[in-house]
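Chemist: Fold the following for me, if possible:
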Amino acid sequence: MVDDDKRAAILARRQRGESIRIIAAGVKVSVGVVHKTLQETQPEAQQEQ
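Modeler: Just a heads-up that it's a prediction; the model follows:
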């Protein structure tokens, strides 16, 4: 589980076009955590559109 600050940083960095590996290194979490965090937010973003 990732805290709200890290989650926000992951999402912001992805919107800027950063790769999952770069995000993981910058936020100091695993690539899997970044991938899972992004997957969890995709359904929410699709519902808003």
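Chemist: helices or strands up against the helix or strand of the chain at the bottom of the mean pLDDT ranking?
Modeler: For the chain, counting by mean pLDDT, DSSP states H and E, helix 31-48 ranks last in confidence among helices and strands (a mean of 83). Under the contact criterion of 3 or more C-beta pairs under 8 Å, 6 or more residues apart in numbering; DSSP states H and E, helix 31-48 touches helix 4-15, helix 20-27. Just so you know, the C-beta spots here come from the backbone N, C-alpha and C atoms, and that holds for glycine as well.
Chemist: Distance from the chain centre to stretch 18-29, please.
Modeler: 9 Å (C-alpha atoms, centre = their mean, to the nearest Å).
Chemist: CA atoms of that stretch as CSV?
Modeler: The C-alpha atoms that make up stretch 18-29 are tabulated as CSV, following Å, rounded to 0.1, in the frame of the first residue of the first chain:
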residue,chain,number,x,y,z
GLU,A,18,7.7,9.8,-17.1
SER,A,19,8.2,6.1,-17.5
ILE,A,20,7.2,3.6,-14.8
ARG,A,21,10.9,2.8,-14.0
ILE,A,22,11.8,6.5,-13.6
ILE,A,23,8.8,7.1,-11.4
ALA,A,24,9.7,4.1,-9.2
ALA,A,25,13.2,5.3,-8.8
GLY,A,26,12.1,8.9,-8.0
VAL,A,27,9.4,8.0,-5.5
LYS,A,28,11.6,5.1,-4.0
VAL,A,29,9.0,2.3,-4.5
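Chemist: hang on, Leu11 packs against Glu40?
Modeler: No: Leu11 lies out of contact with Glu40 (C-beta atoms under 8 Å); the separation is 10.2 Å.
Chemist: Tell me which of these two has more neighbours.
Modeler: Higher neighbour count among Leu11 and Glu40: Leu11, with 16 against 11, using other C-beta atoms under 10 Å.
Chemist: residues in contact with the more buried one?
Modeler: 37-38, 41 (C-beta atoms under 8 Å, 6 or more residues apart in numbering).
Chemist: Derive a PyMOL selection command for the buried subset of those residues.
Modeler: In PyMOL, selecting the buried portion of the contacts of Leu11, with burial taken from 16 or more other C-beta atoms under 10 Å, looks like this:
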select buried, resi 37+38
